[in-house]
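J.: Sequence and predicted structure, then a few things I'm wondering about:
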Amino acid sequence: MSIETSAITDYHAHVYYDPTDDASRAKAAALRAAVEERFTVRMGRWHDVPVGPHPGAMYQIAFAPDQFPGLVPFIMLNRDGLTVLLHPETGKAKDDHLKHAVWMGEVLPLDASVLKT
């Protein structure tokens, strides 16, 4: 059974950083500023502690499918060693985070117990 890409209403990129490391936070801030300057996105708040299924500090970049071709390669080339989780939004949070996700950098363990199917 295949899933049509029309099921994707949005994308989320979660940018992870170490809140106790000034260099890591500075890299995350630089990427955030560069993305905001160049793309039409909705930036999430900085979370210096784990939130939802995410195991560490991060912020979210939410964007429409039409931003994907430019934004995702930009993040790939400018993440400066940061770990980024990219996933679609199809209305099935568990599958979106666990089955349909793409990782840039280290694959981190997510807390699937908080994700709805």
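T.: That came in fine, so what should we check first?
J.: Can you tell me what sits against the longest helix along the chain?
T.: The helix spanning the most residues in the chain, taking DSSP state H as the definition, is helix 22-38. For helix 22-38, contacts defined as C-beta atoms under 8 Å, 6 or more residues apart in numbering pick out 15, 17-19, 41, 43, 59, 61, 70-71, 74-75, 78-82. C-betas here are computed from N, CA, C, even on glycine.
J.: Return the subset of those lying in helices.
T.: Gly70, Leu71, Phe74, Ile75, Asn78.
J.: Looking at the residues you listed, which is nearest Leu115?
T.: Ile75 (22.5 Å; C-beta to C-beta).
J.: how deep is the closest one tucked in, by neighbour count?
T.: Residues lying near Ile75 (other C-beta atoms under 10 Å) number 20.
J.: Might you report the residue contacts of it?
T.: By C-beta under 8 Å, 6+ apart, the contact list for Ile75 reads Ala13, Val15, Leu31, Val35, Ile61, Val84, Leu86, Met104.
J.: neighbours of the third one, just the number please.
T.: In this case it means Leu31. 22.
J.: let's number from 836 now, not from 1
T.: Renumbered: residue one is now 836, and that last one reads Leu866.
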